[in-house]
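Trainee: Sharing a model prediction with you, sequence too.
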Amino acid sequence: MNQWEQLDHEKIFRDPVLGHIYVQYKVVLNLINTAEFQRLRRVKQLGTTSFTFHGAEHSRFSHSLGVYEITRRICDNFQKNYPTKNKNDGLWDDSERLVALCAGLLHDLGHGPYSHTFEHIFDTNHEEITQAIITSEETEVNQVLKTVSPDFPNKVASVINKTYPNEQVVQMISSQCDADRMDYLIRDSFNTGAQYGAFDLSRILQVMRPYKDGICFKIVGVHAIEDYLVSRFQMYMQVYFHPVSRSMEVILNHLLKRSRFLFSNQKDDNQKKPDLLIPLFKNKVSLKDYLKLDDGVLNTYFIEWQDSDDEILSDLSKRFLNRRPFKSVVYDKHSAYLIKDMKKIIEDIGFDSNYYTATDNSFDQPYDIYDPDSNHHATQIEFMREDGSLVELSEVSPIVKAITGKLLGDKRFFFPKEMLNPNQNIDLFEEKYQYFNTFIHNGMIQTSKGENNYDFN
Ligand code: NI
């Protein structure tokens, strides 16, 4: 097949966030129709966040199409306004379009169900799996990519792992203002209903331009980029780090941990064996095993585990399915020493602290400048002045300067809600409950009230 072969009629996907998604190339439509890409319909983009923001049920499929579409719009703009005239002029070479579109479309192919928890528990890495799906001969995605050229799968994979030689293509898919981040921010904001995640996408696309070292922005675009970064910061604080979603993630994590424990200790023989998870429990997971997993598979096991003879597995399953989050308190280095005592009381009351407590740190850097000594090299956001010189964003934006390089977020300790509202054994344990609650109320550790649409009590 000629790699640039177009469909007889342009294919249009309606999208609630971007309006329309336009597909012109046969290879792109063929990729969308592969089994591996269709699996993404069955993995939610935001995992447990929908327990807090019920609208956030959108899938990795819609996000992936969105990243494709934003990449396509960037290519269109570059080709219209900055087409290369000779090899080293640093402008856009449109023969790079197909590799950019495919990388944008496929960048999240390796995400597992409830991805962050899942990766953490089973020690998998979605980026490595994405590359494996693209380059392994056994996948449909690989077969379709090879119709372009034998080395095309490797080219697409190298864009995703950032080793592709054309920096413009790499930065389109991964940088501090790329098609991936722009799509998830705007899509997550739309679906959660958290309006402050919205920003002016079309303006950003207008001011984005190629140059010899990658992608930068026209100086007139400072405010559009500033607004995007502030939106990103607010989405992290209000949505991605929401304590209830994190609490549901803790329960999910403990649930999978318990199931693996029971399996490896040959306990709970009455429990129906979770056949699809066994390769993970044994740390022998093939690509084929991995691609069978999705949110529905996990949820089905949770429904079955409610009737398990193992009390912990059954109880945690019910807490997860019926949305019974743990409570949490913020702590810092001055109050961290209290956690040991709190755990002890929780144990005394009868909860196994391995499964009923957790600590979680959620921190993010809203923006960072390039630091040659840092392990992960942030591609800083730069603007091109009228005279062609470059200036880094925090130099021209006091707002961005204020958040540059800062780690923002919090540390929390999670525990069963029953610790705050005792309803059993009250005589026996009243003193302990009261003691526990003095920790919560003494001002050193404070329960924080949730924002938005959730009633914390
Ligand atoms: Ni993504």
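Mentor: Received it, and whenever you're ready, just let me know what you need.
Trainee: make it CA atoms for all contacts and neighbour counts henceforth
Mentor: Noted.
Trainee: Verify the contact between Thr404 and Asp364 for me.
Mentor: No: with contact defined as Cα atoms under 8 Å, Thr404 does not reach Asp364; the gap is 11.1 Å.
Trainee: The stretch 351-457 of the chain: helices as residue ranges?
Mentor: Under the criterion DSSP state H, counting those that start in this stretch, the stretch 351-457 of the chain contains helices at 353-356, 393-396, 398-403, 426-441.
Trainee: Which of the ones you listed sits closest to Lys417?
Mentor: Within the helices of the stretch 351-457 of the chain, the stretch nearest Lys417 is helix 353-356; the backing value is 10.0 Å (Cα to Cα).
Trainee: Just the CA trace of the closest one, in PDB.
Mentor: The C-alpha trace of helix 353-356 is given here as PDB (Å, rounded to 0.1, in the frame of the first residue of the first chain):
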ATOM      1  CA  SER A 353      -3.200  -2.100  58.900                       C
ATOM      2  CA  ASN A 354      -1.600  -3.600  55.800                       C
ATOM      3  CA  TYR A 355      -4.900  -3.500  54.100                       C
ATOM      4  CA  TYR A 356      -6.800  -0.700  55.900                       C
END
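Trainee: pLDDT on it, on average?
Mentor: Confidence over helix 353-356 (mean pLDDT, whole number) is 96.
Trainee: helices or strands up against that helix?
Mentor: Helix 353-356 sits against helix 243-264, helix 338-349, with contacts defined as 3 or more Cα pairs under 8 Å, 6 or more residues apart in numbering; DSSP states H and E.
Trainee: Show residues contacting it.
Mentor: The contact list for helix 353-356, computed with Cα atoms under 8 Å, 6 or more residues apart in numbering, reads Ile251, His254, Leu255, Arg258, Ile312, Lys343, Ile346, Glu347, Phe414, Phe415, Pro416.
Trainee: where does this protein have its least confident helix or strand?
Mentor: Across the helices and strands of the chain, mean pLDDT, DSSP states H and E gives its lowest value to helix 426-441, namely a mean of 69.
Trainee: so which of the contacts of helix 353-356 comes closest to Leu321?
Mentor: Using Cα to Cα, Ile251 comes nearest to Leu321 of the contacts of helix 353-356, at 10.2 Å.
Trainee: Now do that closest one, the pLDDT please.
Mentor: Listed pLDDT for Ile251 reads 96.
Trainee: same deal with Asp410?
Mentor: pLDDT recorded at Asp410 is 89.
Trainee: Let me know whether it touches Lys333 as I believe.
Mentor: No: assessed by Cα under 8 Å, Asp410 is found out of contact with Lys333, at 11.3 Å.
Trainee: between these two, which one's more packed in?
Mentor: Taking other Cα atoms under 10 Å, Asp410 and Lys333 do not tie; Asp410 has more neighbours (17 against 7).
Trainee: and Leu293, what element?
Mentor: Using DSSP states H and E, Leu293 is not contained in any helix or strand.
Trainee: what's the neighbour count on it?
Mentor: Counted with other Cα under 10 Å, the neighbours of Leu293 add up to 18.
Trainee: list the contacts for it?
Mentor: Applying Cα under 8 Å, 6+ apart to Leu293 gives the contacts Gly112, Pro113, Leu276.
Trainee: So which of those residues wins on neighbours?
Mentor: Highest neighbour count within the contacts of Leu293: Gly112, with 26 neighbours (other Cα under 10 Å).
Trainee: distance of that one from Ile160?
Mentor: The gap separating Gly112 from Ile160 is 17 Å, by Cα to Cα, to the nearest Å.
Trainee: Then Thr124?
Mentor: According to Cα to Cα, Thr124 and Ile160 sit 17 Å apart.
Trainee: The two - which one has more neighbours?
Mentor: The neighbour comparison of Thr124 against Ile160 (other Cα under 10 Å) goes to Ile160, with 25 against 20.
Trainee: doesn't Val170 make contact with that one?
Mentor: Yes: using Cα under 8 Å, Ile160 is in contact with Val170, at 7.3 Å.
Trainee: the helices in the stretch 201-350 of the chain, which residues?
Mentor: Applying DSSP H, counting those that start in this stretch to the stretch 201-350 of the chain gives helices spanning 201-207, 222-235, 243-264, 278-281, 287-290, 295-305, 311-321, 338-349.
Trainee: so can I have CSV of those helices showing mean neighbour count?
Mentor: Shown next, in CSV, are the helices of the stretch 201-350 of the chain (neighbours: other Cα atoms under 10 Å):
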stretch, mean neighbour count
helix 201-207, 17
helix 222-235, 20
helix 243-264, 22
helix 278-281, 17
helix 287-290, 14
helix 295-305, 17
helix 311-321, 19
helix 338-349, 17
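Trainee: Make a markdown table out of those and add distance to Arg187.
Mentor: Below are these laid out as a markdown table (distance: least, Cα to Cα, whole Å):
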| stretch | distance to Arg187 |
| --- | --- |
| helix 201-207 | 11 |
| helix 222-235 | 11 |
| helix 243-264 | 18 |
| helix 278-281 | 31 |
| helix 287-290 | 26 |
| helix 295-305 | 20 |
| helix 311-321 | 25 |
| helix 338-349 | 37 |
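Trainee: and of the ones you listed, who's closest to Lys80?
Mentor: The closest of the helices of the stretch 201-350 of the chain to Lys80 is helix 201-207. By Cα to Cα, the value is 11.1 Å.
Trainee: tell me what that closest one is packed against?
Mentor: Counting contacts by 3+ Cα pairs under 8 Å, 6+ apart, helix 201-207 packs against helix 60-81, helix 222-235.
Trainee: quick one: which of these is nearest Asp15?
Mentor: That would be helix 60-81 among those, by Cα to Cα, at 8.0 Å.
Trainee: roughly how far is the closest one from the heart of the chain?
Mentor: On the basis of Cα atoms, centre = their mean, to the nearest Å, helix 60-81 sits 19 Å off its chain's mean C-alpha point.
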